[in-house]
Structures are given as C-alpha cells and as structure tokens.
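>>> need a structure here:
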Amino acid sequence: MATVLPSYTDLQQQQQQQERNLTASGDRVAVSLGNCPEFAALTYAIFKLGAILVPLNPGFNGKQVAAALNHLGVGVLIIGAVRDLAYKPAHGRSNIPLLSEIIPDLLSSRLEAPHVPTLSKVIVVDNSASHPSVAFPVLHHLSALTPFSSLTRDARPGSTSSRPVIPDSPLSPSETINIQFTSGTTAHPKAAMLSHTSILNNGALIANRMGLEPSDRIVCPPPLFHCFGSVLGYMATATTGAAILFPSPAFDPLASLKMAADHRATGLYGVATMFVAMLELVASQAQSPKPDIPLSQLQAFPEHLRKGIAAGSSVPESLMRRLYDTLGLRDLVICYGMTETSPVSLMTAPSDPFDKRTGSIGKAMPHTRVKVVDPADRTKVLPIGERGELATAGYLVMKGYWGDEERTKEVRISEPNDDGRGSTVWMYSGDEARMDADGYVEITGRIKDLIIRGGENIHPLEIENCLFQHPLIAEASVVGVPHERYGECVGAFVIAHEDVEVVEDEAAAVAAAEGGRVLTKAAVREWVRTHLSDHLVPKHVFWVRDFPETASGKIQKYKLREMAKHALEAAGLHRDDDVERKRGSMKLTVAVLAFASAALAAVANMSKVSNTSDASYGPGGGYGGGGGGPSSHKGWKYCKEDSESGDLYWVYGTCPPYSLCVETVVNIPTVVLETNITATSLDAVSCQEKQLILQGIFDDLSLF
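Residues are numbered from 1 along each chain as shown. Prediction:
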C-alpha cells in the first residue's frame, strides 16, 4: 500500500491533532510502525512537544519490546495492529500475542503492565488494511488499548483541537528528541541520544550536498524507524520542501519501482540489498510476458530518475554502474555514518569524479571534522594513505548512550585540542579507513571484522568487492571462520543471481550446465585466486538465499560467523578441513582410497626436523628440478602436479603469509612421494583430489 501525504499543510494538521493527546516534554514515546502517514505525523508531533521519540523495529518480539520500554522508562507505546516486517512485505503478523505479553489483560478497563511499570498508555494504529489475511480484534473491544483514530478526529476551524499545542516548557536545540537503539534491546542495549540540532542540521546538509530541490519526488523504501529513513529521508526532504513517497510499510521491490514509475520520481533511496532486489526485478519484468510494470515505464526510468542515496553498507562499483545504466541514477551519492553521528559524517557529491563516487565515501560534511588514528593509540593521527580507525567530531555527535556512561566513555571521548585551547569530543567508529591527500575517505573494513590468519591481517571488504565483480554472484559477505591452526580462515557467504543454479561439485556442474548458468564453490575460489593473492581465497564457501540484516540493511556478520561455525560443526569440519573435502567434489573411489593409503604411508616415513631454512624443494630437489636433495623448509603453500612426469610435490613459501611459523615442519623427500604415491594407479584421481588428501594429512586430520 503506497503512501503519499498530500501536502505539508495536511501533515501539520494531523500533527497538531496528535500533540494534544500524547505526553509531556521529556517523556519517552515509543513508536513501532512501518512507513506510514501515522508515523510521519507522529514524528513531528513528538518533536514539537519536546518529548523523545523512541523508534522500535516492528519485527521485535514481546521480550524485545518490553526490554526497550524498561530500559528507557517509556510511558507511551504506539504500535500497529499488525507487524510490518522490514524486507518481508505482506508477511505481517497480528500484534495481539506481543501485546498480551506486556498487558496480560487486554479486556480490562485499566491498563496494567506488570513487566513494564512505567507504561501508562498503549495506542494502536489500525494498519490491518495492508494485511487483509491477518485477523485483529475490533479495537473498541480491547478496553486497555487506545485506538489511534481517537487522537486524530477531524477538527473544526477555530475549535480547541485545531489550535497549536504549546509545550509545557521551552524547547532547547540541544535537548534529546530521538533515542535510537544501535544494537539489540535485551542484552546490553545501546540507545543513542540525538538532539534537535544534530538531526535537523544533518538532514539539511545531506539535502544540500545531494542537490535536493522542492520539485524533487523521492521514493524512500528504508524504514522510518531507522536514521536512514527518518533523517536522510524525512529530514532531508522536509528541510527543502521536496516530496517523500513511502512505497510500502516494509520494503517491497515491486512497490518501490511502481511508485517511482507512477509518480515519475526524481530520486530513489536504498541500501545495497534493496538496490540489488530492484535491479533483479527490472530484469525479470523486462522478460515477463505479463509484467507488473509496463515495459515503457521500465525503459523510462533514466528519463526522470537521477538522484538518490545509497547507504547502510558498502556499494561495489559494479552495482553503482548498474544503477546508473538501468535506473538512470546518475547523481547517486554515497552516505557514510553511524547512528551515533545523527547519522551522516561523510558523503560523496554528484560533482565528484566517478572514481571517487564509487571508490570512496566522499569527504567530511560541513561543520564536521574527521581523522584516522592508530587503533592501538588513538592519540596518534596516521599519515595520509595509512589504514586506521575513523573518528568524527562536530555538532552531529550523540549526547551519549542512555543510562550507560561506561560504554559512552569508550567511544565518545573528549580530547584536548592541538593548540592547547579547549577540547573536542570525538566519536570513534570502529571502522577501518584511510584518507587521501584530497580528503576523500575509503572504508577498508570493520576493525572487529578483520580476519587474522596466522598473524596476517585480511580485510573482508577486499574479497567482497572481488566477488561482487563475478557475473553470476548477486551479493557476498566475507567473515573469519575459526581455524585450529591459523586461528581464523576466510569464509564467504554467497548469494547467486536468481537465474543461476548453485551446485556442490564439478560433476554436477557439467550436468546442470545444460540447463542454464551454473556456479560452483570451486569457481568462486578460482575467481578470487585469479584476481587476488592466494591467501585471500575463501577456504569455506556457503550458499545462502539472504543475509541476516539489521533494520537499516547492514549485514550482521556476527550471525554469519555463528552460522559458519554451526554448519562446519554439523558437517564434522569444524577443525581444519574444507567443506569440499568431506562432501563435494571428492568421491571415495577405490583410486582415491589407494592414493590416501599410499600418502599416509609416505608421510609416516618422513622425519620432523628443526626449522632452519627458507629453502624450496621440488621434484629432483630445488625449485623445478635439478639436484639438491632433502632439505628443511619454513612452511608449505600448496601441492602441485608436474605437468610432464605427473609427480606430486610441494611448493614452499616463506612464513608469513602462507603458513604459520612452527618450530618443526615436515621434511618431504621427493623420492618418498615418487616411490610411495606415484607408484599407485592414479589415473582416476584428479590433482585437486590429491591436493585435498595431502592437505588433510599434513593438517593432521581424518578425512574419512
């Protein structure tokens, strides 16, 4: 159900009607709604009263809602009759079970919430029209609840209810008007306090840099309960008089595109996952014999769409180019920030060079300072081009986390100025970044997401950007997976394009290729190996249909790490081996078992010697043959098969990056390999299978 507010005058009238029935200055009002007119009007009503808006994700369950209300001492809860779930359109559920958890007796004439003692009023918005299949009792039968419609009865001109409400105390620009949960609500919640000054100015400065004008019509799928929808969307358009269009209560790619087409929108907002979904839909609609959007409208997007914002997660260059070419978003900008900075601190501009618009997050916003520091010593500002932690200062920095002074002090730090006069409050992001000589900043990863493999730092974003370039891959996210020897290894979660079939092994790929496009885990690894160095190749590849995400569309990598750990444990691969070794391309044929037996015998006859040399050793001794003899080595990198003789040998590398330094290593006389392994009949064993077997043996694992 698309939402368009006819005018700002109508919005003001609705807001004035609501003010009179809400609460007092400083009180917390929680709102759990999707994108709808009620939420839009409530935002202004609460702000003008001087109360504090507490947006809640409509996907929260009863326990999460109760925890949020208790943490902030909320007095009023405004909630939809049906949950509008972000990224799950038309999959709403009745909120009666949730409300029953908080208010055990909904039929009572008096609201009693024993688990949330501060709660005095629950107002229910009847949004069931957008979910016709969901049953919800008639509101007037539930005496403990207040229908939202009772707040907005039509006001006659000159009547008391049509007059503006005057706050019970003067408002100050520095007062908190919005509290955003930046993490979960049940375990160690972080609730960032934002002010009139920070939110209003951030929206105005965003609008200015992206070139918004009163004539613009912006389609805004991101949720209003997050800063993307409320500040980048709502405040940016409101401060310029532009129109904001909410295509659906929760993200729906079809509704978003239809609204853009029907209203000839000039701009479109989204996070990477939203844009990917919309591009996929455009492609499928163009091929459909009965499209939901006429082909003429699809082809007309570049004629009227031009502006837009991509935020919430990294946007690869390949995706940016598709948005330019398919949707016409030639002036699309990238916004970077965090809830704690209201939220945008850096942003590209339509006039920036293309490489800066795709390869950076732009420059600092006006009235904002940024710096890159050594994460181990935040007093040390790093030179141009060096990677470190990004920090922000200015009007936009939050006032702190509600009720959590200790964690506030960890990230919001007052530091003396270089000139010795006064001090500046800096907000530390936890993001790794580097700045060039022109002031453009590039995010190189999340410090906590950094993968440390055998003492070497691996940046997931570098691998993700590589995977995004693969023609069969729609999305990818890379995390560190526990590894017994190296501490961590690379794990890649991959979403293939809709028309691509994912298979486990090459044999299945050959069979499936006859019917269309096919992607294998081996192909994913080979793509990375071709474009990046070997140590960045994913050890584990996981096929997924979607990613666990926050309300703003950020991938929850900690959940991916948990998923990887559980998947590997379930498959018996949680120590050191690869998914493909246990189930995948290697079949337990007689030849494979014979090779494994011979290899085990060969390794059993090898001695361990002290690590004294970096020497490499190949067939016949020395690299690539020619004399030498058995030697000791610092660490092996991979197994290789000689193209002429068919002999198998190890290629060695120094330590790091290719292996973890240990006091003893296996000394591998080539003659032993030749005698004990190549003597078996190996015609039916591929080089890849040999590598997997030997890798497992030398990692001291059981493969079977």
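>>> so where's the stretch 451-600 of the chain uncertain?
Applying pLDDT under 70 to the stretch 451-600 of the chain flags the ranges 454-455, 485, 505-516, 551-552, 571-600.
>>> residue ranges of the strands in it, please?
Remark: strands assigned in the stretch 451-600 of the chain by DSSP state E, counting those that start in this stretch are 451-453, 456-458, 473-483, 487-496, 500-503, 517-520, 540-543.
>>> and of the ones you listed, who's closest to Phe301?
Nearest of these to Phe301, taken as Cβ to Cβ: strand 473-483 at 19.8 Å. For glycine as for every other residue, the C-beta is placed from the backbone atoms N, C-alpha and C.
>>> Remind me what that closest one packs against, helices and strands.
Strand 473-483 sits against helix 272-287, strand 451-453, helix 460-468, strand 487-496, helix 557-570, with contacts defined as 3 or more Cβ pairs under 8 Å, 6 or more residues apart in numbering; DSSP states H and E.
>>> Quick check: can you name the pairing partners of it and their directions?
strand 487-496 (antiparallel) (DSSP bridges).
>>> For Val372, what are phi and psi?
phi -120, psi 120 (degrees, to the nearest 10).
>>> Show me what it bridges to in the sheet.
Beta-bridge partners, per DSSP bridges, of Val372: Leu390.
>>> Break the chain down into its structural domains.
1-189, 355-447, 450-581, 590-698 (automatic domain parsing).
>>> what's the least confident stretch among those?
Averaged per stretch, pLDDT over the domains of the chain is lowest on domain 590-698, reaching a mean of 40.
>>> burial measure for Glu410, as a count.
10 (other Cβ atoms under 10 Å).
>>> doesn't Glu112 make contact with Asp105?
Yes. Counting by Cβ atoms under 8 Å, Asp105 touches Glu112, with 6.6 Å between them.
>>> what is in contact with the two at once?
Ala144 (Cβ atoms under 8 Å, 6 or more residues apart in numbering).
>>> show me where the stretch 151-300 of the chain has helices.
Ranges of helices within the stretch 151-300 of the chain are 196-210, 227, 236-238, 253-262, 272-287, 295-304, based on DSSP state H, counting those that start in this stretch.
>>> which one of the ones you listed lies closest to Glu432?
helix 272-287 (18.9 Å).
>>> For the closest one, buried residues please.
Neighbour-count burial for helix 272-287, counted by 16 or more other Cβ atoms under 10 Å, picks out 272-279, 281-283, 285.
>>> Against Asp292, how distant is Val528?
Remark: distance between Val528 and Asp292 (Cβ to Cβ, to the nearest Å) = 37 Å.
>>> Can you tell me who Thr176 pairs with across the strands?
Residues in beta-bridge contact with Thr176 (DSSP bridges): Ser195.
>>> right, I mislabeled it, should have said Ser477
Applying DSSP bridges, one finds that Ser477 bridges with Phe493.
>>> Quick check: it touching Ile463?
No. Counting by Cβ under 8 Å, Ile463 is not a contact partner of Ser477; they are 9.6 Å apart.
>>> joint contacts of these two?
With Cβ under 8 Å, 6+ apart as the test, Ser477 and Ile463 both reach Ala492.
>>> if we can go back for a sec, pick the most deeply packed of the helices of the stretch 151-300 of the chain.
Sort the helices of the stretch 151-300 of the chain by mean neighbour count, taking mean count of other Cβ atoms under 10 Å, and helix 227 sits at the top with a mean of 34.
>>> what about it, distance to the chain center?
15 Å (Cα atoms, centre = their mean, to the nearest Å).
>>> contact partners of it?
Residues contacting helix 227 (Cβ under 8 Å, 6+ apart): 180, 337, 339, 342-343, 552.
>>> one more time with 6 Å
339, 343 (Cβ atoms under 6 Å, 6 or more residues apart in numbering).
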